[in-house]
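In: Below: sequence and its predicted model.
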Amino acid sequence: MKKYVMLFLFFIGCFAMQAQELNWHTDVKEAVDLSAKEHKPIMLFFTGSDWCGWCIRLQNEVLKTPEFAKWAQENVILVELDFPRRTAQSPEIRNQNNQLQQVFGIQGFPTVFFANVETTDGKINFKGLGRTGYVAGGPQPWLDSANTILKNK
């Protein structure tokens, strides 16, 4: 009987983990379309995933937590704009990320930029709401900071 209970709990845990899994978009145009459809702002995460210590720390302490997953599903469309040094990237993604780094004036990593998006005549216009980076103390202080920014919606 214990085996069945353990097996049942294992499967429930697997389904719960899948429900917490977030969809990080790497194609901004796809995220813009989803943002318009769901009427949610975009959260652009500028990161150096394979070399930036603070980026990795933000991922582990905040962005991979259940608290963040719940908050993100309710509030934003997630976009990861990665600038890796050792991981291969397609030229299209690399060019897109470099252009957005220029547009938003990103000079350091990690930077998280929140924006509303409007499309006019096929052109994408970002209305910046604010930015943040690493916030010490785990998910709740970071989420408090993000919620303060999103009040400007």
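Out: That came in fine, so what should we check first?
In: Quick check on the residue nearest in space to the middle of the chain: phi, psi?
Out: The chain has residue 78 as the residue nearest its centroid, 3.8 Å off, counting by Cα atoms, centre = their mean. Reported as degrees, to the nearest 10, the phi and psi values for residue 78 are phi -90, psi 130.
In: Could you do residue 86 as well?
Out: phi -110, psi -10.
In: give me every residue that touches it.
Out: By Cβ atoms under 8 Å, 6 or more residues apart in numbering, the contact list for residue 86 reads 50-51. For glycine as for every other residue, the C-beta is placed from the backbone atoms N, C-alpha and C.
In: And residue 113, how far from residue 36?
Out: 18 Å (Cβ to Cβ, to the nearest Å).
In: sorry, back to before: give the contact list for the residue nearest to the centre of the chain.
Out: 22-25, 31, 43, 45, 72.
In: what do you get for residue 124?
Out: Taking Cβ under 8 Å, 6+ apart as the test, what residue 124 contacts is 28-29, 32, 117-118.
In: Quick check: phi and psi at the closest residue to residue 63 other than its chain neighbours.
Out: Computed as Cβ to Cβ, 6 or more residues apart in numbering, the closest residue to residue 63 that is not its neighbour in sequence is residue 45, at 7.4 Å. Main-chain dihedrals, residue 45, degrees, to the nearest 10: phi -100, psi 100.
In: where in this protein is pLDDT low?
Out: Within the chain, the stretches with pLDDT under 70 are 1-20.
In: residue contacts, residue 85?
Out: Counting by Cβ under 8 Å, 6+ apart, residue 85 has contacts 48, 50-51.
In: and these, which are buried?
Out: The neighbour count (16 or more other Cβ atoms under 10 Å) marks residue 48 as buried among these.
In: Lovely, talk soon.
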